[in-house]
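> here's my sequence, what's the structure:
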Amino acid sequence: MQPLQEFVQDCANVTYLCPAEVVNTQYQKDIVAIDIKVADQLWTVKSKLLIAADGARSPIRQAAGIKTSGWKYWQSCIVAFVKPEKPHNNTAYERFWSSGPFAILPLPGNRCRIVWTAPHEEAKALCALDDEQFLRELTRRYGDQMGKLELLGDRFVFQVQLMQSDRYVLPRLALIGDAAHNCHPVGGQGLNLGIRDAAALAQVIQTAHQAGKDIGDIQILKGYERWRKLENLTILGFTDLLDRMFSNNFLPVVLVRRLGLWFLQRVPVLKVFMLKLMIGLKGRTPELAKR
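Numbers count the residues shown, from 1 in each chain. Take a look at the predicted model:
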């Protein structure tokens, strides 16, 4: 296999068209032609393969006629950026409330991203508060371990959903990340899945290219789909179970939850298995991830 450094150098000549909008795609026998609008100009890019990484509402996926299955949750997420008074020390936190998980994700520049899950109406009401009221509610859930919080920019609300595309590939098209699947944000698994999709597809493309094969051929791309689809479905199911178990005050569910946590604390093998599952060390690991 070609060394990673050489492969990256071979692919170093990249033209960025950003911000841009895909206005049309034409899938042909040997290439796909993509019409892209950049400012007031229209570009036509021809390639052996189009990779759709354009989010859960992927226009490229919809234009290709790929259907999806899944459901919307009773919850929405508030996303905001804050700057704590004290250093976050690159530590992420997740706290489980009966209304939904609350995550604090560290970013460069001592900033944090907040992903706050709550029932729809509660999330809308929280987002409608003025900055001072919102920060007061945020601090109540966040805690005071990082001192005073400063709100950076606007807040956004989006509905949480579980979604799995019926297929990840067509001739000359591959879906990755949220364009292929969407899970509950509990555990931060959406980003992990997207990174593993990209690494797996890169490996499939590299192997095919080195063998002199067409990287857009459906038989090549099906190797990527077989690799990632079942593994992603496993995590989608796991995050769904986590949310239903922890966003719940129903007594039998609470008892089962406490029993499960008790087992995790006392059975190290089970704890290690769950951790490896969530960080992608179960199943087939892409070579890029190993590096």
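> what mean pLDDT does the longest helix along the chain have?
Ranked by residue count under DSSP state H, the longest helix found in the chain is helix 218-246. Mean per-residue pLDDT for helix 218-246: 94.
> one more: stretch 40-56?
When pLDDT is averaged over stretch 40-56, the result is 93.
> got the end-to-end distance for it?
Start-to-end span of stretch 40-56 (Cα to Cα, to the nearest Å) is 26 Å.
> quick one: contacts of it?
Stretch 40-56 is contacted from outside by 17, 20, 22-23, 25, 30-37, 58, 60-61, 64, 161, 163, 172-180, 182, 194, 198, 201, 205, 214-216, 221, using Cβ atoms under 8 Å, 6 or more residues apart in numbering. No exception for glycine: its C-beta is placed from N, CA and C like everyone else's.
> so for the most centrally placed residue in the chain, what's the pLDDT?
Nearest to the mean C-alpha position of the chain, by Cα atoms, centre = their mean, lies G190 at 2.6 Å. pLDDT for G190: 88.
> low pLDDT regions in the stretch 1-150 of the chain?
Applying pLDDT under 70 to the stretch 1-150 of the chain picks out residues 1-12.
> picking that back up, give me the buried positions along the longest helix of the chain.
Judged by neighbour count using 16 or more other Cβ atoms under 10 Å, the buried positions of helix 218-246 are 220-221, 223-225, 227-229, 231-232, 235-236, 238-240, 242-243, 245-246.
> quick revisit: and the residue nearest to the residue nearest to the centre of the chain when sequence neighbours are not counted, backbone torsions?
Counting by Cβ to Cβ, 6 or more residues apart in numbering, the nearest residue to G190 once its immediate chain neighbours are dropped is C183, at 5.5 Å. Main-chain torsions, C183, degrees, to the nearest 10: phi -130, psi 170.
> could you report the distance from C183 to D154?
Distance check for C183 against D154: by Cβ to Cβ, to the nearest Å, it reads 25 Å.
> so between these two, which is more surrounded?
The neighbour count for C183 versus D154, taken as other Cβ atoms under 10 Å, is higher for C183 (26 against 9).
> go ahead and confirm that one touches L162.
Yes - the pair C183 / L162 is scored as a contact, 6.0 Å apart, by Cβ atoms under 8 Å.
> need the residues touching each of those two.
With Cβ under 8 Å, 6+ apart as the test, C183 and L162 both reach 236, 239-240.
> tell me the one of those nearest N89?
Taking Cβ to Cβ as the measure, T239 is the one of those closest to N89, at 26.1 Å.
> done for today, thanks.
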